[in-house]
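1. got a predicted structure plus its sequence, pasted below:
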Amino acid sequence: MIYTLINTDPISEGYFILITGLLIVFSALVILALFFNYGLPLMLYIYKIITKGKDKKISEIKAIDNSDFTGEVAAVIGASIHMYMGEQHDHESGILTIKQVKKTYSPWSSKIYGTQNRL
């Protein structure tokens, strides 16, 4: 009996690890689903109570009439945005030139050969 308690079957240990892992993953998924379904709306409701602000709809927001904003101003803004966006991209050719560089000898590059202990 002591022998069976000390030496357990590796297949039963694998099943135990499998079941434990599946329980952890699926319980985490259930907790996340419950949080997103019930926790977030509750938090948003509490936030709305704390701020006591009413959400405004787009139809409730009134447009401010500015008589200084004319067609010329809109044209200048549009032209400047067009020029800015046009200058962002460089037009380069798609030709790649590969030049072989001849390296000069450096004693620093051959220091690796002096690291071995030769007797």
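-> All right, it came through fine.
2. just list the residues touching the residue nearest the centre of the chain, thanks.
-> Centre of the chain computed as the mean C-alpha position; nearest residue by CA atoms, centre = their mean is residue 32, 20.2 Å away. With contacts defined as CB atoms under 8 Å, 6 or more residues apart in numbering, residue 32 has no neighbours. Where you see a C-beta, it was placed from the backbone N, CA and C, and this is true even at glycine.
3. report the secondary structure element holding it.
-> In this structure, residue 32 sits in helix 10-34 according to DSSP states H and E.
4. now the helix or strand following that helix: mean pLDDT?
-> With elements assigned by DSSP H and E, the helix or strand that comes after helix 10-34 is helix 40-51. Throughout helix 40-51, pLDDT has a mean value of 87.
5. before we move on, what about stretch 18-25?
-> Confidence for stretch 18-25, expressed as mean pLDDT, is 96.
6. what does stretch 100-110 give?
-> When the per-residue pLDDT values of stretch 100-110 are averaged, the result is 69.
7. ok, now stretch 69-76?
-> Confidence for stretch 69-76, expressed as mean pLDDT, is 88.
8. residues contacting it, please?
-> With CB under 8 Å, 6+ apart, stretch 69-76 has no contacts at all.
9. and that stretch, how far out from the chain's middle?
-> 39 Å (CA atoms, centre = their mean, to the nearest Å).
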